[in-house]
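From the sequence below, what's the structure:
(2 chains)
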Amino acid sequence: MTQRRLVNLGLDALTWLVLLVMLAPVLWLVISSLQDDRELATGAYDLLHPTLDAFTGMWQTIDFERFFVNSLVICTVAALLATAFASSAGYALARFRFRGSRVFGLTVIGTQLIPGSMFLLPLFIGFIWINQNVGLPLYDTHVGMIIVYTAFFTPVAIFFMRSFFLAIPRDLEEAAMVDGCTPFKAFVKIVLPNAAPGLVATFVYAFLFAWDELLFVANLTQDTAETIPIGIRTFIGNYQQRTAQLMAAGVVSTLPVLIAFFLTQRWLVRGLTAGAVKG
Amino acid sequence: MATQSLPETEPATVTVVGPGPAPRRRGSLRGSRRRFVVALVAPAVVFMVLVHLLPAIGGFYLSFKNLNLFTFRQLFDAPWAGFENYRTILFEDNPLRSGFTGAVRNTAIYTFWTVAGTIGGGLAVALLLNREMRGIKVVRTLMLTPWIVPSFVVAVLWQFMWQSDVGIINKVLVDYSGVLGERPVWLIGENSLWAIIVPSIWRGLPFAMLIFLAGLQAMPKELHEAAAIDGAGAFKRFRYITLPLLRPLIGVQLLFGVIYAAYQFSIPYVMFGSNPGPDADLMMTLIVRQSFSNNLFGYGSAVSVLLMLAMLVWVAIWYRAFKRDLEVA
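Got it, this is the predicted structure:
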């Protein structure tokens, strides 16, 4: 009996230790951002006298605000659109068997197999072509990046929403339709409100991934629509020695997604593990 | 897209899935229901065709073109090169080819260790967190933090931590604990591939942990209890009960983990810049550098096509191995 208690205590301690190891780099990011630039560059740090200098300085060193606002605007709009498209397509996959539904499902998964480098250049050429022939500027614009990100994160979002719809009893819509609702009305008025947690989870999921995207924004923008990852690259390229500010920029770019995640993690985790639980 | 090409006059192509009597519908309503489904799927299809599929076909086409700095103005009208790009990559002895084989080797090593570390570590941590203890809910939530940190921040942070003389990793390993006698150089040379593998595992592990933990929690307890009564030890129960039940989840993690790792770009690009050097150059950094820094667009497209072919082969292998798990998942 006592041996068992000892093992349990040991496992408890190991659990906290593993958590500490996993969180250590994040703690180090925060600690470093509270240091002095010059001292940190030589490897010295003073845990007892934290300073917020880096957090005020970073906005002057590069125009971080512009990158930050661009990221917020592009990722929010793209995640909203992806959630809207994914909820309608996911509903179709969850409720109807239509001609081509299998092909559609496979194509959705298939898009994940295409390396970004394969369609990056044609997309760039397409942007230029549309500008020349239709007069719609897409290269280096918010609209262009929103279109790209909406398309990117719609496929996975479709399966996300589908699993939420499958969990909603069909009787709800059928009762509404017996009462004279059109399928569209039943979807908008009955199903969507019941899928609200799924909508939130899908939005946050698409937002997290859009926030992280680097390859396309690096090659499809130049001045006006650049997002945070490009700002960080600019920072490294020109001010590598301002390490504390760079770490502060890292903290500032992590905070929005961290807050979004922890506010919605109950629903998000449900969406992420939907496949696992059905098992 | 198949739904869009449906002939207008065809009725009853849409049926309600699932048990229970299908609601009685008159012919005209069937038509409206079909239009409803088309409207539901259309936006996603349009975006996927315009942004994914058509440009991907364009990329495939460009891989047969001699598209470089001199012919770039001609774009899709650049001179036809046939299999020249592929021949240069695969069979000719030139600097481009050695860059390619190096990137293939690095990507294979990177993918293997990242996926093995993520899945193995994720499973181990999930088993550890599948216990009852004070504060376990908090631990499970906080454990997900690394997965939320954006890749570019992961790269910046670890690049700072890996610094040979001022980085915290060498401080811990050499100055504080004395595990190592002298300071390794992490960011240049043969260690540099590990400088991107370790952060990749660190960031990916929490997600795998989350999936496995959900699978473990959904597992019926009776199986373990019955086996324990029959005298099966912890290891045997893990080997013959837990592992087979987790197999579908492991399969899905493997499938997407390999694809995701093989297409890794952000972490090496932010940590090392556009040229990570021969020891850490991955397929994606090679393609992007050759295409956008050296303007060898035809070559870059051909490498992209080969990379995708490799992933198709992987999917086929995976399908053979995990076919029987597909019905369950």
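
Could you use CA atoms for every contact and neighbour count after this?
OK.

what's the burial count for whichever residue of the stretch 101-250 of chain A sits closest to chain B?
Per CA to the nearest CA, A:F119 is where the stretch 101-250 of chain A lies closest to chain B, at 4.6 Å. By other CA atoms under 10 Å in any protein chain shown, 25 other residues sit near A:F119.

And the helix or strand encompassing B:I57, how far out from the chain middle?
Using DSSP states H and E, B:I57 sits in helix B:54-62. Distance, stretch centre to chain centre, for helix B:54-62: 21 Å (CA atoms, centre = their mean, to the nearest Å).

check whether the helix or strand just after that helix contacts chain A.
The first helix or strand that comes after helix B:54-62 along the chain, using DSSP H and E, is helix B:84-90. No. Helix B:84-90 lies out of reach of chain A by CA under 8 Å from any CA of the partner chain, never closer than 14.5 Å.

So for helix B:84-90, mean pLDDT?
On average, the pLDDT along helix B:84-90 is 82.

where does chain B have low pLDDT?
Scanning chain B for pLDDT under 70 picks out B:1-30, B:69-76, B:327-329.

dump the residue contacts of the most centrally placed residue in chain A.
Taking CA atoms, centre = their mean as the criterion, A:L208 is the residue nearest the geometric centre of chain A, at 1.3 Å. Shown in contact with A:L208 (CA atoms under 8 Å, 6 or more residues apart in numbering or on different chains): A:V257, B:I148.

Could you grab the helix/strand/coil label for it?
helix (DSSP: H, G, I helix; E, B strand; the rest coil).

How much space separates it from A:P155?
Distance of A:L208 to A:P155, given as CA to CA, to the nearest Å: 15 Å.

and what of A:Q265?
21 Å.

between those two, who's got more neighbours?
The residue with more neighbours, out of A:Q265 and A:P155, is A:P155; 26 against 18, by other CA under 10 Å.

wait, the more buried one sits on A:L106?
No. Judged on CA atoms under 8 Å, A:P155 makes no contact with A:L106 at a distance of 10.3 Å.

Identify the contacts common to these two.
Joint contacts of A:P155 and A:L106 (CA under 8 Å, 6+ apart) do not exist.

Just give the number of residues close to A:L258.
A:L258 has 19 nearby residues by other CA under 10 Å.

Now for it: which residues touch it?
B:T145, B:I148, B:V149.

If we use 6 Å, what do you get?
Under the criterion of CA atoms under 6 Å, 6 or more residues apart in numbering or on different chains, A:L258 has no contact partners.

For it, give me the backbone phi and psi.
Torsion angles at A:L258 (phi, psi; degrees, to the nearest 10) stand at phi -60, psi -50.

Chain A versus the residue nearest the centre of chain B, what's the distance?
The centroid of chain B falls nearest to B:Y260 when counting by CA atoms, centre = their mean (1.2 Å). Using CA to the nearest CA, to the nearest Å, one gets 9 Å for the distance from B:Y260 to chain A.

Please identify which helix or strand holds that residue.
B:Y260 belongs to helix B:243-262 when elements are defined using DSSP H and E.

Can you tell me the SS state at the residue of the stretch 101-250 of chain A closest to chain B?
State at A:F119, reduced to three classes by three-state DSSP: helix.

could you list every residue that touches it?
Going by CA under 6 Å, 6+ apart, the list of residues near A:F119 reads B:P55, B:A56, B:G59.

if I pick the last one, what's in contact with it?
Put plainly, it is B:G59. Neighbour list for B:G59: A:M118, A:F119, A:P122, B:S301 [criterion: CA under 6 Å, 6+ apart].

do the first one as well
Contact criterion CA under 6 Å, 6+ apart gives A:F119, A:P122, A:L123 as the residues in contact with B:P55.

which residues touch the last one?
For A:L123, the contacting residues are B:P55, by CA under 6 Å, 6+ apart.

Checking it next. Helix, strand or coil?
helix.

So which residues make contact with stretch B:114-124?
Outside stretch B:114-124, the residues that reach it (CA under 6 Å, 6+ apart) are B:I197, B:I201, B:G204, B:L205, B:A208, B:M209, B:G257.

One more: stretch A:21-32?
Residues outside stretch A:21-32 that contact it (CA under 6 Å, 6+ apart): A:A244, A:M247.

Look through chain B and tell me its longest helix.
helix B:95-129 (DSSP state H).

Which SSE is immediately downstream of that one?
Next along from helix B:95-129, by DSSP H and E: helix B:136-142.

close to chain A, is that following helix?
No. Helix B:136-142 is not in contact with chain A by CA under 6 Å from any CA of the partner chain; minimum separation 6.9 Å.

where does residue 37 fall, phi/psi-wise?
Answering for chain A, as no chain was given. With angles defined as degrees, to the nearest 10, A:D37 sits at phi -50, psi -50.

wait, I meant chain B there
phi -60, psi -40.

any idea how far it lies from chain A?
Counting by CA to the nearest CA, the gap from B:V37 to chain A is 6 Å.

again with B:F160
Distance, B:F160 to chain A, using CA to the nearest CA: 8 Å.

Would it be right to say that that residue lies in a strand?
No. Looking at B:F160 with three-state DSSP, it is helix, so not inside a strand.

burial count for it?
B:F160 has 24 nearby residues by other CA under 10 Å.

try the one 3 residues further on
B:Q163: 19 surrounding residues under other CA under 10 Å.

got a list of contacts for stretch A:45-59?
A:L34, A:Q35, A:A244, A:Q245, A:A248.

Pull the number of nearby residues for residue 110.
Just going to use chain A. 15.

Chain B was what I was after
24.

How about B:A310?
14.

What of B:Y176?
Neighbour tally, B:Y176, other CA under 10 Å: 11.

how much space between it and chain A?
For B:Y176, the distance to chain A - CA to the nearest CA - is 14 Å.

likewise B:M283?
10 Å.

With the flanking residues excluded, which residue is spatially nearest to that residue?
Using CA to CA, 6 or more residues apart in numbering or on different chains and skipping residues adjacent in sequence, the residue nearest B:M283 is B:A103, 5.3 Å away.

I'd guessed that neighbour sits against B:T285; true?
No. Using CA atoms under 6 Å, B:A103 is not in contact with B:T285; the gap is 8.7 Å.

More neighbours: which of the two?
Between B:A103 and B:T285, counting by other CA under 10 Å, B:T285 is the more crowded of the two (26 against 23).

as a whole number, average confidence for stretch A:234-241?
The average pLDDT within stretch A:234-241 is 85.

what about it, near chain B?
No. Judged by CA under 6 Å from any CA, stretch A:234-241 stays clear of chain B, getting no closer than 8.3 Å.

Would you state the strands of the stretch 1-150 of chain A in chain order?
A:96-97 (DSSP state E, counting those that start in this stretch).

residues in it within reach of chain B, list them.
Residues of the stretch 1-150 of chain A found near chain B (CA under 6 Å from any CA) are A:43, A:85, A:88-89, A:95-98, A:100, A:118-119, A:122-123.
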